[in-house]
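Participant: this one's structure only:
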Ligand SMILES: Cc1cc2nc3c(=O)[nH]c(=O)nc-3n(C[C@H](O)[C@H](O)[C@H](O)COP(=O)(O)OP(=O)(O)OC[C@H]3O[C@@H](n4cnc5c(N)ncnc54)[C@H](O)[C@@H]3O)c2cc1C
């Protein structure tokens with residue numbers, strides 16, 4: 001761990017490649033370019049995540065990190081987080097939401113909740129069609145998923161949960177070879193007992209365990225997820241601990257951290273330096289483009305910013321999957337109880353430190369995906385049905401997640417939480433700027449539930465959650481009536497009110513600089529991630545995904561960074 005940068009300030013140094021943003025994609029890409037003996041500098045606004053002690057390294061803390069607070073009065077954590085606050089969400093009772101975004105080397109990979117899985121085969125087909133390039137098909141992307149990661153099989157002894165064993169597909173990974181990728185992917189060395197129950201409950205409503213897991217191009221049914229956890233130390237694997245650590249030992253990569261990039265400098269329409277690769281993430285990359293004169297002309301002119309390229313799509317098309325839950329009291333042991341009980345502290349710390357196991361080694365467990373069944377769709381409007389029908393066949397509509405929290409009294413020691421995420425939002429948000437100063441935060445509107453189709457899908461998903469709770473398999477374990485929202489919330493209208501009042505983000509916002517073929521239709525970058533209308537500038541991060549990926553995006557963002565690095569090195 002380091003407490004300060006080993007590198008001097010930028011001065012007049014020059015590089016072949018400058019990567020702006022040392023986050024998930026940025027460090028993966030910079031490492032690959034540096035390992036090919038290119039001169040590369042990374043400019044990162046944040047410092048080192050270890051300045052917050054072990055908050056970001058211990059998997060068991062991933063869900064209790066205060067950075068997750070999605071509320072207007074959130075606790076500031078400037079060493080990790082950009083402290084972004086959204087615009088009032090008109091579709092969610094005008095709430096303003098704190099939206100965590102990693103401000104540290106590693107970016108959001110240093111604060112995320114570590115679930116690792118890939119998208120579906122037809123998601124990649126859709127991406128290839130929109131990008132106008134076959135390089136985004138599953139077959140073409142798989143080598144980059146493999147190149148970025150190393151899989152460790154579950155350690156069944158440490159997991160020690162006989163009813164949570166499963167099959168998985170290791171053929172889509174590199175396992176244990178020296179040439180495997182730096183990102184460590186494994187299964188937690190502990191299982192939250194509540195998850196084993198939820199797996200049964202989801203099975204009872206038709207979401208059966210997948211024998212492949214979620215890394216083989218299919219997202220259907222349930223599985224214990226792979227996580228970005230280093231299996232040897234049971235600590236977080238981020239782009240900093242994996243790629244950057246290696247690069248600092250083995251390449252000439254320069255890192256300028258605690259350095260805020262305020263704009264990209266152009267000579268005519270050519271970015272100064274050989275190539276600038278912008279990797280500031282879904283909110284800051286569009287902000288930096290606009291500050292640099294790339295974006296909607298009318299807006300830029302209104303802020304006295306010289307227009308370099310009039311690209312109306314910059315900051316538009318934001319897609320942000322939402323989620324909400326149904327909760328009941330439960331009687332099983334749980335992560336929440338383990339971490340809250342002072343009597344369990346010593347044995348749990350001992351198990352973690354000496355054996356890399358126990359609750360502190362755990363981040364996330366069982367998740368499930370589905371297209372809503374026919375009976376859930378009967379009340380959909382024709383418009384909603386046809387929007388959903390326009391998605392590829394293998395793209396799930398809903399993700400289910402399980403969790404637990406300390407109890408609420410009245411004999412309830414643990415609250416079991418079943419959540420649903422609406423994966424393909426038809427609502428659109430935006431990122432814009434209110435000044436020409438990089439020190440002012442970007443203006444973020446996620447657009448939650450502003451499209452009625454999302455509201456219909458959310459109500460249907462909510463009813464599926466209740467079906468899972470009611471499926472019978474949870475009876476011996478569930479205590480009392482539903483805690484949240486409670487049985488009085490019954491009609492579609494009441495359910496939607498509850499959703500609007502309580503929905504939060506799952507931190508997977510994307511597509512604010514969408515990839516495509518035609519800037520007139522809102523595309524910002526081409527298939528090589530090159531920005532339209534200028535030279536020497538690419539954007540490589542979650543902002544250029546053409547749409548919200550089904551489920552958790554980090555696996556794809558690493559693979560995408562690998563793909564663009566390879567493409568640059570091939571001269572594309
Ligand atoms: C709380 C949370 C939980 C999540 N959980 C999961 C999960 O479990 N699984 C999953 O797959 N995905 C998860 N995600 C999503 C995933 O982590 C992100 O989509 C992904 O990490 C984004 O990568 P990126 O490269 O686009 O941006 P980031 O990793 O955010 O990197 C952007 C970097 O740019 C830097 N930067 C920005 N502006 C400037 C500037 N002006 N000057 C210098 N530097 C700048 C930032 O400090 C940051 O380091 C989660 C995200 C969050 C926030």
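Facilitator: Arrived safely. Given the structure is predicted, the values throughout are model-derived calculations rather than measurements.
Participant: What parts of the stretch 251-400 of the chain come near the ligand?
Facilitator: By the rule C-beta under 6 Å from any ligand atom, the part of the stretch 251-400 of the chain lying against the ligand is 260-261, 279-282, 284, 288. Any C-beta I mention is one placed from the backbone N, CA and C, and that applies to glycine too.
Participant: Now do the contacts for the residue of the stretch 351-500 of the chain at minimum distance from the ligand.
Facilitator: Proximity of the stretch 351-500 of the chain to the ligand (C-beta to the nearest ligand atom) peaks at residue 438, 5.6 Å away. Residues in contact with residue 438 (C-beta atoms under 8 Å, 6 or more residues apart in numbering) are 260-263, 287-288, 291.
Participant: hmm, back to that, select from the residues of the stretch 251-400 of the chain next to the ligand the one having the most neighbours.
Facilitator: Using other C-beta atoms under 10 Å as the neighbour criterion, residue 279 leads those with 34 neighbours.
Participant: Which of the helices or strands spans the closest residue to that residue other than its chain neighbours?
Facilitator: Leaving aside its sequence neighbours, residue 279 sits nearest to residue 26 (C-beta to C-beta, 6 or more residues apart in numbering; 3.4 Å). In this structure, residue 26 sits in helix 24-35 according to DSSP states H and E.
Participant: And that helix, what does it pack against?
Facilitator: Judged by 3 or more C-beta pairs under 8 Å, 6 or more residues apart in numbering; DSSP states H and E, the packing partners of helix 24-35 are strand 17-20, strand 40-43, helix 245-250, strand 275-278, helix 554-569.
Participant: so how far is it from its chain's centroid?
Facilitator: Relative to its parent chain, helix 24-35 has a centroid offset of 19 Å by C-alpha atoms, centre = their mean, to the nearest Å.
Participant: and the residue sitting nearest the centre point of the chain, what are its phi and psi?
Facilitator: Centroid-nearest residue in the chain, with C-alpha atoms, centre = their mean: residue 508, separated by 4.2 Å. With angles defined as degrees, to the nearest 10, residue 508 sits at phi -120, psi 30.
Participant: measure it to residue 424 for me?
Facilitator: As judged by C-beta to C-beta, to the nearest Å, residue 508 and residue 424 stand 11 Å apart.
Participant: where exactly do the strands run in the stretch 351-500 of the chain?
Facilitator: Ranges of strands within the stretch 351-500 of the chain are 366-370, 398-409, 412-422, 430-432, 443-445, 478-484, based on DSSP state E, counting those that start in this stretch.
Participant: Just put these in JSON lines and tack on distance to residue 550, mean pLDDT and mean neighbour count.
Facilitator: JSON lines is the format used below for the strands of the stretch 351-500 of the chain (distance: least, C-beta to C-beta, whole Å; pLDDT from 0 to 100; neighbours: other C-beta atoms under 10 Å):
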{"stretch": "strand 366-370", "distance to residue 550": "7", "mean pLDDT": "97", "mean neighbour count": "26"}
{"stretch": "strand 398-409", "distance to residue 550": "7", "mean pLDDT": "85", "mean neighbour count": "20"}
{"stretch": "strand 412-422", "distance to residue 550": "10", "mean pLDDT": "90", "mean neighbour count": "24"}
{"stretch": "strand 430-432", "distance to residue 550": "22", "mean pLDDT": "98", "mean neighbour count": "22"}
{"stretch": "strand 443-445", "distance to residue 550": "23", "mean pLDDT": "98", "mean neighbour count": "21"}
{"stretch": "strand 478-484", "distance to residue 550": "26", "mean pLDDT": "85", "mean neighbour count": "16"}
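Participant: Nearest spatial neighbour of the residue of the stretch 101-250 of the chain found nearest the ligand, chain-adjacent residues omitted?
Facilitator: Relative to the ligand, the nearest point of the stretch 101-250 of the chain is residue 107 (2.4 Å; C-beta to the nearest ligand atom). Once flanking residues are discounted, residue 107 sits nearest to residue 23: 2.0 Å by C-beta to C-beta, 6+ apart.
Participant: Surely the residue nearest to the centre of the chain and residue 321 touch.
Facilitator: Yes. Using C-beta atoms under 8 Å, residue 508 is in contact with residue 321, at 5.3 Å.
Participant: which neighbours do these two share?
Facilitator: residue 548.
Participant: To what extent is residue 474 buried, counted in neighbours?
Facilitator: Counted with other C-beta under 10 Å, residue 474 comes out at 20.
Participant: List the contacts of it.
Facilitator: 197, 200-201, 328, 330, 416, 468.
Participant: from those residues, which two are the most distant?
Facilitator: 200 and 328 (14.7 Å; C-beta to C-beta).
Participant: Of those two, give the one with the bigger neighbour count.
Facilitator: Comparing residue 200 with residue 328 by neighbour count (other C-beta under 10 Å), the higher total belongs to residue 328, at 22 against 18.
Participant: Can you tell me how far that one is from residue 459?
Facilitator: Computed as C-beta to C-beta, the residue 328 to residue 459 distance reads 19 Å.
Participant: where exactly do the helices run in the stretch 351-500 of the chain?
Facilitator: Applying DSSP state H, counting those that start in this stretch to the stretch 351-500 of the chain gives helices spanning 382-389, 452-470, 492-502.
Participant: Quick check: which helices or strands does the shortest one pack against?
Facilitator: In terms of contacts (3+ C-beta pairs under 8 Å, 6+ apart), helix 382-389 is packed against helix 452-470.
Participant: So which bits of the helix it packs on are buried?
Facilitator: Going by neighbour count (16 or more other C-beta atoms under 10 Å), the buried part of helix 452-470 is 453-469.
Participant: Now do whatever residue of the chain ends up closest to the ligand: how many residues are near it, please.
Facilitator: Closest approach between the chain and the ligand, counting by C-beta to the nearest ligand atom: residue 23, at 1.8 Å. Other residues within reach of residue 23 by the criterion other C-beta under 10 Å amount to 33.
Participant: now swap in residue 178 and tell me
Facilitator: The local packing of residue 178 (other C-beta under 10 Å) involves 6 other residues.
Participant: Quickly find the element holding it.
Facilitator: Assessed by DSSP H and E, residue 178 sits outside every helix and strand.
Participant: cool, residue 282 as well?
Facilitator: Secondary structure (DSSP H and E) places residue 282 in helix 281-291.
Participant: Parallel or antiparallel, list what pairs with the helix or strand just after that helix.
Facilitator: Using DSSP H and E, the helix or strand that follows helix 281-291 towards the C-terminus is strand 294-295. With DSSP bridges as the test, strand 294-295 is paired with strand 309-310 (parallel).
Participant: pLDDT (mean, whole number) over the strand it pairs with?
Facilitator: For strand 309-310, mean pLDDT is 97.
Participant: For it, what is the distance to the chain centroid?
Facilitator: 29 Å.
Participant: same deal with stretch 372-385?
Facilitator: Counting by C-alpha atoms, centre = their mean, stretch 372-385 comes out at 28 Å from the chain centroid.
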